[in-house]
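Novice: What shape does this take:
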Amino acid sequence: MIPTTSESSSPGPRVLLYSDDRSIRDRARAALGPRLLPGSAATEHVEVATADAAVAGVERGMIDLVIADGETAPLGGMGLARQLRDEITQCPPIIVLLGRRDDRWLARWSGADGAVPLPVDPFELSQLAVELVEARTGVGAS
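Specialist: Numbering: from 1, shown residues only. Sure thing, here's the model as predicted:
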C-alpha cells in the first residue's frame, strides 16, 4: 500500500484506490483533489494494486471510501465490491470504475454504491465521492 497524504492537524477522509493500472489510480486521485470535502483536512489516498491489499486495507478500518477499477485483473472492481460486502461488517461505500457504461447494473448487483465510466470524468467521480463520504461520516453534510 502506498499512502499519499498532505500534512494536517486532524485527519481527513481516507480513500482506498484499487487498480493494477497506476494511471487509473493517478487519474482518480487527481479527480478527487487534495481535499475531498470543503473545509476538511487533506484527503489520504491509500493506493493498492492487488485485491488482497485492498481487502486488508478495508479490514484494518478507517477507510471512508473505496474506488475500485472494474478492469483490474484477476479480480475486478465488481468482484472486489461483492467480496467486501460479503466479508466486511461495516463496509465503506464503494465506487466502481467501469470499462462499459452499460455495466452499471452489474456494479449495483455487486453491491457498489455507485459507478463511473472510464475514462474518469473528474466532476462525476468527485461529486459521487463527496456524496458518499458525507453520508458515511456526516462531515460536510448540510
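Novice: and for stretch 116-136, what are the contacting residues?
Specialist: 13, 15, 24, 27-28, 30-33, 36-37, 64-65, 67, 69-71, 92-93, 95-101, 113-114, 139-141 (Cβ atoms under 8 Å, 6 or more residues apart in numbering). (Each C-beta comes from the backbone N, C-alpha and C, glycine too.)
Novice: Select from these every entry located in helices.
Specialist: Among the contacts of stretch 116-136, the members found in helices (DSSP state H) are 24, 27, 28, 30, 31, 32.
Novice: how about residue 20, secondary structure?
Specialist: coil (DSSP: H, G, I helix; E, B strand; the rest coil).
Novice: ok so, going back, looking at the ones in helices among the contacts of stretch 116-136, which is nearest residue 52?
Specialist: residue 24 (18.3 Å; Cβ to Cβ).
Novice: mind checking the SS state of residue 74?
Specialist: coil.
Novice: and the closest residue to it other than its chain neighbours, how far is that from residue 99?
Specialist: Using Cβ to Cβ, 6 or more residues apart in numbering and skipping residues adjacent in sequence, the residue nearest residue 74 is residue 51, 7.9 Å away. Residue 51 sits 17 Å away from residue 99, going by Cβ to Cβ, to the nearest Å.
Novice: the more surrounded of these two?
Specialist: Remark: of residue 51 and residue 99, residue 51 carries more neighbours, 21 against 13, as counted by other Cβ atoms under 10 Å.
Novice: So which residues of this protein form strands?
Specialist: 2-4, 14-18, 44-48, 65-69, 94-98, 114-117 (DSSP state E).
Novice: so can I have JSON lines of those strands showing distance to residue 75 and mean pLDDT?
Specialist: What follows is the strands of the chain, written out as JSON lines (distance: least, Cβ to Cβ, whole Å; pLDDT from 0 to 100):
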{"stretch": "strand 2-4", "distance to residue 75": "19", "mean pLDDT": "55"}
{"stretch": "strand 14-18", "distance to residue 75": "9", "mean pLDDT": "98"}
{"stretch": "strand 44-48", "distance to residue 75": "12", "mean pLDDT": "97"}
{"stretch": "strand 65-69", "distance to residue 75": "9", "mean pLDDT": "99"}
{"stretch": "strand 94-98", "distance to residue 75": "12", "mean pLDDT": "99"}
{"stretch": "strand 114-117", "distance to residue 75": "17", "mean pLDDT": "98"}
